[in-house]
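[1] What follows is a predicted structure for the sequence shown.
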Amino acid sequence: MATPTSSPILLGPNQPPARAYRGGDGIRRLRGDGSSDAHSPEDFVASTTCTFGSDIVGLSTLPDGTLLRDAIAEAPAEWLGADHVARFGADTGLLVKLLHTGERLFNHAHPDVGFAAEHLGAARGKTESWIITSTGDDETADVWLGWNRDVPPSELAVWFETQDSEAMLAALNHCEVRAGDVVHVPAGTPHSIGEGITLVELQEPVDLSIILEYAPFPALTRQTALLGLDRDTALGAVDAERADPSTLISRVADGSFLPRVADPYYRAELVRGGSVLDAGFSVLVVLDGEGALGDVDVARGATAVIPHDAGELELSGDIVGIRARPPEPSR
């Protein structure tokens, strides 16, 4: 029997194993729970998305053992709302992750929807946004975001063939981030996340990466780095033009806080005790405090999926959290 959709549902950790980079400690520190596998750096929250090449890994399971994907397919309007279903079908349109880097994450980029449809048979590309929640023991940490000059495809191809990590990193914009920063990463933007960062990530619901820097990561091969495509086709997903990182980094503020360019992909709002959440499918990540979401007790590190039919809900207590939502159906 499918889990009822009339109240929020708390979810346990869902950390796919054997990911290509190390991490995960920050997830355990936030949640007080989670995998101790050094290669489980991501927690797929309320996920109906599989990891690339799998038809099961990455999917979230509800407390009664039902896959969230299957529960939504059985009752899409109850979970997602009639307007959402009319616009997007029984697809949540959203993937939320908790992520912690135990080492610098490889330089990579994600294809946009046009590339994904033409070359990978996927309905979506992968634009994403990061909400930095911790930089470990230091006040700031490093990210690299977009090229700091135009990079011709021929030059990128040479770097890829020689696996010249130093040249690629030097050509990226180096930025320092701190807890509370928001980093928006449009599809096609090359990027790397420094060691020791914990973040909440909103993204389009696919697991597609063109990995420019694979040699230092033993789990990766040239073919997996290119998603099975030929080199020149795959590298065509990567933006060649200089990026201005100042347009991509902002700060969390009360209420909705993502840049407007994220609106077609997902929404997020900072919520606190006393916030009233309107009806709609969403995912809550509690960053601090304790209290209740409607009649469900929650505390720091809790993650909950909120069905549309849960209706309007009030947060109580001293909670601070992130509410993530799909794009507005009317867009």
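    Looks like it arrived, so ask away. Quantities reported herein were computed from a predicted structural model and do not represent experimental measurements.
[2] Point out where the chain drops to low pLDDT.
    1-4 (pLDDT under 70).
[3] let's see 80
    1-5, 331 (pLDDT under 80).
[4] For it, which segments count as helices?
    For the chain, the helices defined by DSSP state H occupy 25-31, 68-74, 76-80, 82-88, 113-120, 153-162, 165-170, 222-225, 231-235.
[5] which stretch among those comes nearest residue 297?
    With CB to CB as the criterion, residue 297 lies closest to helix 25-31 of the helices of the chain, at 15.2 Å. Every residue, glycine included, has its C-beta placed from N, CA and C.
[6] other SSEs contacting the closest one?
    Applying 3 or more CB pairs under 8 Å, 6 or more residues apart in numbering; DSSP states H and E, one finds that helix 25-31 contacts strand 95-100, strand 128-134, strand 198-203.
[7] about what we covered before: of all the helices of the chain, which one comes closest to residue 52?
    Closest approach to residue 52 among the helices of the chain (CB to CB): helix 222-225, 8.4 Å.
[8] Check which residues of the closest one are buried.
    224, 225 (16 or more other CB atoms under 10 Å).
[9] tell me which strands and helices that helix is in contact with?
    The contact analysis (3+ CB pairs under 8 Å, 6+ apart) places helix 222-225 against strand 210-211.
[10] if I look at residue 254, how far off is residue 307?
    25 Å (CB to CB, to the nearest Å).
[11] circling back: how about CSV for the helices and strands packed on helix 25-31, with distance to residue 72 added?
    Shown next, in CSV, are the helices and strands packed on helix 25-31 (distance: least, CB to CB, whole Å):
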stretch, distance to residue 72
strand 95-100, 13
strand 128-134, 22
strand 198-203, 18
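[12] Residue 41: neighbour count?
    As a burial measure, residue 41 scores 28 neighbours (other CB atoms under 10 Å).
[13] Spatially nearest residue to it (excluding sequence neighbours)?
    residue 23 (2.8 Å; CB to CB, 6 or more residues apart in numbering).
[14] Next up, the contacts around the residue nearest the centre of the chain.
    By CA atoms, centre = their mean, the chain has its centre lying nearest to residue 201, at 3.3 Å. For residue 201, the contacting residues are 96, 97, 98, 99, 128, 129, 130, 131, taking CB atoms under 8 Å, 6 or more residues apart in numbering as the criterion.
[15] excluding its backbone neighbours, what's nearest it?
    Computed as CB to CB, 6+ apart, the closest residue to residue 201 that is not its neighbour in sequence is residue 97, at 4.3 Å.
[16] what sits against the residue lying closest to residue 221 once chain neighbours are set aside?
    What sits nearest to residue 221 in space, not counting adjacent residues and going by CB to CB, 6+ apart, is residue 214, at 7.0 Å. Contact partners of residue 214, counting by CB under 8 Å, 6+ apart, are 106, 163, 220, 221, 222, 224, 225.
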